[in-house]
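Engineer: fold the following.
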Amino acid sequence: MMAEKRALVAEKEALEAEKRAIRTELDETKACRGGYWAPQERSRERMGPRGFEGCVAQFRDKSYSEEEHPDSFLNVARALEDMPEEDEEADEEGEEEDDADANSLSSPKP
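Structural biologist: Coordinates of the predicted model:
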């Protein structure tokens, strides 16, 4: 009975020490937040309520010429559609490896 109580007390103390360490880490993170995250938050505020899409709309409204930059960042939707999905990439890589194995020359054995 006493051994169980001592074990529980030791576990409680270990958990309290871990809690203090996590609390200290959280406080340090909060203190650093002002220096690191604040510029990103201000950037979001400058973009307006519609965020990135709103900025893109403003560029287009002000006659931003896509002819000047045909592969511009403004066409994010098309670029995302053109990107192969992870499954497709894995299939293509597997096919390339199979082709390489089939086409490799084996050296004659002496």
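Engineer: mind checking the longest helix of the protein?
Structural biologist: Determined from DSSP state H, the single longest helix within the chain is helix 2-36.
Engineer: need the mean per-residue confidence for that helix.
Structural biologist: If you average the pLDDT over helix 2-36, you get 88.
Engineer: do the same with stretch 62-73
Structural biologist: Stretch 62-73 comes out at a mean pLDDT of 62.
Engineer: also stretch 77-87?
Structural biologist: Per-residue scores along stretch 77-87 average to 77.
Engineer: can you get me the start-to-end distance on that stretch?
Structural biologist: 20 Å (Cα to Cα, to the nearest Å).
Engineer: which residues sit in contact with residue 79?
Structural biologist: For residue 79, no contacting residues are found, by Cβ atoms under 8 Å, 6 or more residues apart in numbering. No exception for glycine: its C-beta is placed from N, CA and C like everyone else's.
Engineer: separation between it and residue 55?
Structural biologist: 16 Å (Cβ to Cβ, to the nearest Å).
Engineer: also residue 6?
Structural biologist: Distance from residue 6 to residue 55, by Cβ to Cβ: 63 Å.
Engineer: neighbour-wise, which of these two wins?
Structural biologist: A count of neighbours by other Cβ atoms under 10 Å puts residue 55 above the other of residue 6 and residue 55, at 14 against 10.
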